[in-house]
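Visitor: Please work out how this folds:
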Amino acid sequence: MSNIPLHKKYSREFAQPKSADRAIIWRLLDYLRPYAGWAIISILLLIVAKAIEAFVPVYIGTIAQKIINTSSSPEEYKKTVFSWVLSNSFMIVGLLISGYILELMTLVIKSWIGQKAIHTMRVQVYRHILHLYLKYFDKHAVGQLMTRTIHDVDQISQMYTESIIPIIGNIVLVLGMIIGLTFIDWQAALIFLFLIPILVWFTNRFRRLQRQCYDLVRNIMSAMNAFVQEHLMGASIVRNFGIQNREKKTYDEMNEDNRIANLETLHHFAFFISGIDFLQSLSLILLFVFLVSFNPYGTGFQVGVFFTFSLYATMLFRPLVDLADRYNILQSALSAADRVFGVLKVHTEPDDSEELPLNEISSIEFDDVWFAYEDQHWILKGLSFSLQKGESVALVGVTGSGKTSVINLLMRLYDFQKGTIKINGKDIRSYPLHALRKQFSVVLQDPVIFSGTIEENITLFDGKMPKEKIQEAIDLVGLKGLMGRFKSGLQHLLLERGSNLSLGEMQLISLARAIVHPHSVLILDEATANIDTHTEQLIRNALKKVLKQSTALVIAHRLSTIQDSTRIIVLHNGVIAEQGSHQELLAQKGIYEKLYRVQFLP
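Guide: This next block holds a predicted model:
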């Protein structure tokens with residue numbers, strides 16, 4: 001087990017400074033603003049319910065004192081006491097039922113408000129993540145973002161339903177009881193007021209330590225989620241390299257850290273609760289000593305006062321314990337909210353472009369484009385080329401030459417630093433992002449398969465897609481063989497990430513998807529890099545047909561799929577080293593000819 005302190009092992013994941021609790025609470029309350037009227041009604045109902053709860057002990061104590069002070073014959077005493085108890089019991093039961101109904105109404109309203117607010121937040125967080133810069137995902141684990149979207153938001157949900165309004169109710173109850181105590185016997189009430197500074201110290205200490213603990217717990221949970229997500233996705237690698245035991249040990253260490261951090265929160269909570277219990281017992285003892293030894297009335301022990309104060313002592317410290325529990329929820333929610341708001345602070349992709357219509361791409365032009373992912377480490381250095389409607393341009397080159405970066409810039413997944421990219425003669429940044437990206441059909445090197453049927457993966461869950469169009473795409477890419485493997489054909493259910501398909505079959509589905517969603521430009525990014533020769537031939541035949549009727553930008557390692565391209569551009573270290581047709585480049589005997597010879601000649 002590592003000896004590094006937990007707070008150093010699990011540092012905060014976001015660079016933003018830690019917001020003040022008050023600012024976070026106000027921001028969380030903003031989500032309740034549309035339901036402010038219902039929230040006020042809920043609070044008012046709760047105040048009335050707690051006022052009734054605070055009044056009942058005073059009422060019972062008054063009855064008890066009257067009973068003790070009654071001086072009459074035994075028979076008359078029994079009749080009098082029975083009459084008082086009977087008549088007042090109905091009153092007490094009525095008050096308790098009224099308080100119960102009011103609290104029930106409050107519970108229903110606050111739960112409805114909380115779920116509405118959390119629905120708004122969850123949608124906002126998810127949409128924000130979808131529009132983050134792609135480079136953000138390069139530096140943050142998917143498991144961490146899953147924690148933000150699901151676990152942290154769920155923690156905030158508990159605050160809306162189990163923290164804010166109940167805390168207000170408990171505060172009202174405590175204030176009501178203090179007023180009641182003062183009304184009954186202000187001198188005896190001083191005993192409780194004397195204990196308030198100690199309660200304040202307990203509460204402040206508990207608040208400060210618990211916030212630190214919950215920050216640490218959420219950091220550890222985020223790290224664990226990221227670890228589990230990454231290792232489940234890479235389960236085959238872990239097994240193939242025989243590192244299960246090593247990774248299990250790493251997870252065990254993280255789990256132990258999580259146990260230690262959670263135990264620390266329990267220790268603080270136990271110290272607070274035991275302190276409250278001690279103060280409750282101490283208050284009763286001091287009250288008894290006061291009423292016996294320093295009775296201000298001089299008429300003997302005041303049973304009614306002691307009875308009322310005893311009930312209040314129990315009731316006073318009960319909401320304080322409940323406040324601690326609610327505060328636990330609040331602190332956990334504030335810690336989670338700080339992280340959620342940390343994600344929401346991250347800048348999203350800009351879409352402040354002019355609302356120029358873009359119904360079709362007829363030309364693409366790169367003019368002296370310079371691009372770097374970080375600082376001045378240039379990936380593209382003064383790149384210039386054009387693509388006209390009906391042309392198919394292929395980009396080739398060794399790994400790291402900048403081929404995929406061209407695609408990223410064209411779809412504005414990243415923004416270039418120098419030069420210009422023009423679509424239809426206008427700056428690419430003058431078009432809205434959603435309009436720009438709708439013009440591209442993309443087939444990636446690593447195809448993405450969703451949980452669903454083969455048909456749903458081809459149509460991207462568009463139930464209105466004509467069956468004839470789907471069948472045409474299947475015939476074009478040669479998916480009939482795959483259909484023959486499954487009795488249910490297109491309705492065969494694919495597992496997560498296409499685990500019941502080969503990589504070649506997933507690539508064929510991805511290509512069929514691009515065909516049934518025809519756009520202005522077809523982009524193939526290493527579409528045949530990791531597939532077998534038979535599947536490559538299927539894709540090559542399909543591409544011959546598709547490229548004749550499409551504008552295409554193709555990135556390829558296997559040169560067999562691009563020999564029919566209108567123009568081939570050879571990138572080397574971020575610049576264009578050669579360009580021309582397949583035969584022209586072979587005749588130049590440069591980089592392309594060497595790549596071709598390596599692949600096709602013995």
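
Visitor: Can you give me the buried ones in stretch 434-445?
Guide: For stretch 434-445, a neighbour-count test (16 or more other C-beta atoms under 10 Å) marks L436, R437, Q439, F440, S441, V442, V443, L444, Q445 as buried. Quick note: C-beta positions are derived from backbone N, CA and C, even for glycine.

Visitor: Filter the residues you listed down to just the ones in strands.
Guide: Within these, residues falling in strands by DSSP state E are F440, S441, V442, V443.

Visitor: Just the element for I379, please.
Guide: For I379, the element it lies in under DSSP states H and E is strand 378-388.

Visitor: can you list the residues that contact stretch 26-43?
Guide: Stretch 26-43 is contacted by residues 105-106, 109-110, 112-113, 116-118, 120-121, 156, 159-160, 164-165, 168, 333, 337, 341 when judged by C-beta atoms under 8 Å, 6 or more residues apart in numbering.

Visitor: what's the span of it, first residue to last?
Guide: Terminal residues of stretch 26-43 are spaced 17 Å apart (C-alpha to C-alpha, to the nearest Å).

Visitor: just how off-centre is it within its chain?
Guide: Here the centre of stretch 26-43 is set off from its chain's centre by 22 Å, with C-alpha atoms, centre = their mean, to the nearest Å.

Visitor: same question, stretch 462-469
Guide: Taking C-alpha atoms, centre = their mean, one finds stretch 462-469 lying 34 Å from the centre of the chain it belongs to.

Visitor: likewise stretch 173-182?
Guide: Using C-alpha atoms, centre = their mean, the offset of stretch 173-182 from its chain centre is 42 Å.

Visitor: pLDDT on it, on average?
Guide: Averaged across stretch 173-182, the pLDDT comes to 71.

Visitor: where's the residue nearest to Q244 when sequence neighbours are not counted, which helix or strand?
Guide: The shortest distance from Q244 to any non-neighbouring residue, by C-beta to C-beta, 6 or more residues apart in numbering, is to V238 (5.9 Å). Using DSSP H and E, V238 falls within helix 235-240.

Visitor: Next SSE downstream of that helix?
Guide: Next helix or strand after helix 235-240 toward the C-terminus (DSSP H and E): helix 244-293.

Visitor: hang on, the earlier thing: buried subset of the contacts of stretch 26-43 as a PyMOL selection?
Guide: Here is the PyMOL selection string for the buried members of the contacts of stretch 26-43, based on 16+ other C-beta under 10 Å:
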select buried, resi 106+109+110+113+116+117+118+121+156+159+160+164+165+168+333+337+341
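
Visitor: What about the contacts of stretch 26-43, which are in helices?
Guide: 105-106, 109-110, 112-113, 116-118, 120-121, 156, 159-160, 164-165, 168, 333, 337, 341 (DSSP state H).

Visitor: Next one: Q331 from A36, what distance?
Guide: 25 Å (C-beta to C-beta, to the nearest Å).

Visitor: between those two, which one's more packed in?
Guide: For Q331 versus A36, neighbours defined as other C-beta atoms under 10 Å are more numerous around Q331 (24 against 11).

Visitor: per-residue pLDDT, the more buried one?
Guide: On pLDDT, Q331 comes in at 73.

Visitor: Pretty sure L571 sits in a strand.
Guide: Yes. Counting by DSSP: H, G, I helix; E, B strand; the rest coil, L571 is found in a strand.

Visitor: residues near it, how many?
Guide: 26.

Visitor: cool, E247 as well?
Guide: Residues near E247, counting by other C-beta under 10 Å, number 14.

Visitor: what does F290 give?
Guide: As a burial measure, F290 scores 19 neighbours (other C-beta under 10 Å).

Visitor: what's the answer for W26, then?
Guide: 10.

Visitor: Please, which helix or strand holds it?
Guide: Going by DSSP H and E, W26 is in helix 21-30.

Visitor: show me the contacts for N225.
Guide: G143, Q144, M146, T147, H151.

Visitor: Out of the residues you listed, which sit inside strands?
Guide: Among those, no member is found in strands (DSSP E).

Visitor: Most neighbours of all those residues, which one?
Guide: The most crowded member of the contacts of N225 is T147, carrying 26 neighbours; neighbours defined as other C-beta under 10 Å.

Visitor: who's in contact with that one?
Guide: Taking C-beta under 8 Å, 6+ apart as the contact definition, T147 lies against R218, M221, S222, N225, A226, R339.

Visitor: can you tell me how far it sits from V153?
Guide: Distance of T147 to V153, given as C-beta to C-beta: 10 Å.

Visitor: Let me see the ranges of the strands in this protein.
Guide: Along the chain, counting by DSSP E, strands occupy 363-372, 378-388, 392-396, 418-423, 426-427, 440-443, 452-453, 493-494, 521-525, 551-555, 567-572, 575-580.

Visitor: Parallel or antiparallel, which strands does the second one pair with?
Guide: Strands flanking strand 378-388 in the sheet, each with its direction: strand 363-372 (antiparallel) (DSSP bridges).

Visitor: Give me the residues contacting the strand it pairs with.
Guide: Counting by C-beta under 8 Å, 6+ apart, 378-389, 402, 405-406, 409-410, 414, 416-425, 521, 553 sit against strand 363-372.

Visitor: Please tell me how far that strand is from the chain's geometric centre.
Guide: Distance, centroid of strand 363-372 to centroid of chain: 36 Å (C-alpha atoms, centre = their mean).

Visitor: same question, stretch 411-426
Guide: For stretch 411-426, the distance to the chain centre is 32 Å (C-alpha atoms, centre = their mean).

Visitor: buried residues in that stretch?
Guide: Neighbour-count burial for stretch 411-426, with 16+ other C-beta under 10 Å as criterion, is recorded at M411, R412, L413, Y414, F416, G419, I421, I423, N424.

Visitor: Break the chain into its domains for me.
Guide: Taking automatic domain parsing as the reference, the chain has its domains at 18-345, 390-402+439-600.

Visitor: just so I know, which of those domains lies nearest Y373?
Guide: Of all the domains of the chain, the one in closest proximity to Y373, counting by C-beta to C-beta, is domain 18-345 (6.8 Å).

Visitor: from the chain's centre, how far out does the closest one sit?
Guide: Distance, centroid of domain 18-345 to centroid of chain: 24 Å (C-alpha atoms, centre = their mean).

Visitor: swap in stretch 401-421?
Guide: Relative to the mean C-alpha coordinate of its chain, stretch 401-421 is positioned 29 Å out (C-alpha atoms, centre = their mean).

Visitor: Give me the residues contacting it.
Guide: 133-135, 349, 364-373, 379-380, 382-384, 395-397, 427-429, 433, 436-437, 440, 442, 523, 525-526, 553, 555, 571-574.

Visitor: And those, which of them are buried?
Guide: Buried by 16+ other C-beta under 10 Å: 364-366, 369-372, 379-380, 383, 395-397, 428-429, 433, 436-437, 440, 442, 523, 525-526, 553, 555, 571-572, 574, out of the contacts of stretch 401-421.

Visitor: can you tell me which residues contact L356?
Guide: Counting by C-beta under 8 Å, 6+ apart, L356 touches K426, S430, Y431, P432, A435.

Visitor: let's see 10 Å
Guide: Shown in contact with L356 (C-beta atoms under 10 Å, 6 or more residues apart in numbering): I423, N424, K426, D427, S430, Y431, P432, A435, L436.
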